[in-house]
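Colleague: Here's my sequence, what's the structure:
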Amino acid sequence: MRFHHWAGIALIAALPAQALAQADWPSRAVKIIAPIPAGSSADLLARIYGRELQDKYKQPFVVENHVGASHNIGADIVARAAPDGYTLLTAPPPSLAINKYLFPKLSYDPEAFVAVTVMVDVPNILVLRPGLDFKDVPGLIAYAKANPGKLSYGSTGIGSTLHLSAEAFKAKAGVDLLHVPFTGVTQLISEMIGGRVDVAFAALIDLYPYISAGNVKPLAVGTQKRSPEFPDVPTIGETLPGYVSSAWFAVAAPPKTPLPLAEKISADIRAAFQQPEAQQAVKNLHAVPILDTAAEAADYIRKDSQRWKEVIQANHIQSE
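Modeller: Below you'll find the model as predicted:
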């Protein structure tokens, strides 16, 4: 009785300080950790909301790129940070939803992160290198079945959404394609243009300028519906029913971050993306805004994680 009495008093005394800290956020610089290279999709999105929030609060929002180990280096930094809102993770699916199924042991618990918001969703597109004359997905599949292992596909490494998208395609189509991993999407596309990789999945964010310039040919989109930007390009699901491939970009906070603080940051980021300059930037990236609440983001990530888990386990994919 006496213990519970004093514990209750201590808890009540702590609440105003916690609420004050949340109301005061941000009172100093905020670090945004992006586990992929500068100039890539998550990096650009981090800089969009970071710039808007810096203007709003007159506090620095500094984007730091910590690349390597399938996004695990950046994720580990955030996992070890104080749960006070001053270190945030801005990342695509691997560190939050995929790597826990690929690596036998991680230095962090992906499920312990506190979701803040899923900013955008981006369709992945199946593209061909210059010189390949497949007219459609059935034509590609027919050739691959007649010539097992002759066609190569590029990705940004084992466990990336691009790699898993191709493996899911292989399984559904019943074909054998040779995997060629690269360190980043820029290198992947460069190798495709040079004719050293035959096909690849990549996000529309990254592919759009190359498609527009005619450097690569879009064969099909991974979304359930055709892209309004490429209405003549069919979906993969029109040939392989049930196939879906897209990538989202989310913001997460360190484990044990109070939910009210996560919701406050979520609201600020959603408001940041409503600014005209930010809206135009997202439009230029050819991304679909999601901008959900912290609670909704947690559910969104959890459901997508289950989808990738099924791909990984069905195809026996493991990290190297």
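
Colleague: Poorly predicted segments of this structure, please.
Modeller: Along the chain, segments meeting pLDDT under 70 span 1-22, 320.

Colleague: Spell out for me which residue occupies the centre of it.
Modeller: Geometric centre of the chain, nearest residue: residue 92, 1.7 Å, by C-alpha atoms, centre = their mean.

Colleague: Run through the residues that contact that residue.
Modeller: Counting by C-beta atoms under 8 Å, 6 or more residues apart in numbering, residue 92 touches 36, 41-42, 71, 161, 247-250. (Each C-beta comes from the backbone N, C-alpha and C, glycine too.)

Colleague: Assess the claim that residue 288 and residue 122 are in contact.
Modeller: Yes. Between residue 288 and residue 122 there is a contact under C-beta atoms under 8 Å: 7.1 Å.

Colleague: Those two: who's more crowded?
Modeller: Per other C-beta atoms under 10 Å, whichever of residue 288 and residue 122 has more neighbours is residue 122, with 25 against 15.

Colleague: Distance check, the more buried one against residue 57.
Modeller: 28 Å (C-beta to C-beta, to the nearest Å).

Colleague: residues near the closest residue to residue 86 other than its chain neighbours, how many?
Modeller: Nearest-residue entry for residue 86: residue 30, 5.3 Å, with adjacent residues in sequence omitted and distances by C-beta to C-beta, 6 or more residues apart in numbering. Neighbour count of residue 30, defined by other C-beta under 10 Å: 22.

Colleague: Make residue 1 into 126 and carry on from there
Modeller: With the count now opening at 126, the last piece we talked about shows up as residue 155.

Colleague: Wait, residue 155 touches residue 187, no?
Modeller: Yes. Using C-beta under 8 Å, residue 155 makes contact with residue 187 at a distance of 7.2 Å.

Colleague: Touching both of those two, which residues are there?
Modeller: residue 175.

Colleague: Hmm, residue 358 and residue 350 touching each other?
Modeller: No. If you go by C-beta under 8 Å, residue 350 and residue 358 don't touch, sitting 11.5 Å apart.

Colleague: out of these two, which sits in the more crowded spot?
Modeller: Comparing residue 350 with residue 358 by other C-beta under 10 Å, the one with more neighbours is residue 358, at 17 against 9.

Colleague: How about that one: what's its closest non-neighbour residue?
Modeller: In space, residue 358 is closest to residue 343, 4.9 Å off (C-beta to C-beta, 6+ apart).

Colleague: One more: residue 299?
Modeller: Spatial nearest neighbour of residue 299, excluding adjacent residues (C-beta to C-beta, 6+ apart): residue 270 at 6.9 Å.

Colleague: secondary structure element for the one you found?
Modeller: Secondary structure assignment for residue 270, by DSSP states H and E: helix 262-271.

Colleague: Take the helix or strand following that helix, keep the C-alpha atoms, and write them as PDB.
Modeller: Helices and strands here follow DSSP H and E; after helix 262-271, the next one along the chain is strand 277-280. Provided in PDB are the C-alpha atoms of strand 277-280 (Å, rounded to 0.1, in the frame of the first residue of the first chain):
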ATOM      1  CA  SER A 277      19.900 -10.600 -65.500                       C
ATOM      2  CA  TYR A 278      18.100  -8.300 -63.100                       C
ATOM      3  CA  GLY A 279      19.700  -5.600 -61.000                       C
ATOM      4  CA  SER A 280      18.800  -4.500 -57.500                       C
END
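
Colleague: Would you agree residue 239 is in contact with residue 379?
Modeller: Yes. In this structure, residue 239 is within contact of residue 379 by C-beta under 8 Å, at 7.2 Å.

Colleague: quick one: the nearest residue to residue 164 once chain neighbours are set aside from residue 318, how far?
Modeller: With sequence-adjacent residues excluded and distances taken as C-beta to C-beta, 6+ apart, residue 164 is closest to residue 311, at 7.9 Å. With the distance defined as C-beta to C-beta, residue 311 ends up 11 Å from residue 318.

Colleague: before we move on, what about residue 221?
Modeller: 31 Å.

Colleague: neighbour count winner among the two?
Modeller: More crowded of residue 221 and residue 318, by other C-beta under 10 Å: residue 221, with 26 against 15.

Colleague: The more buried one: what's it in contact with?
Modeller: Here residue 221 is in contact with 200, 214, 235, 238, 240, 375, 377, 426, 430 (C-beta under 8 Å, 6+ apart).

Colleague: Lovely, talk soon.
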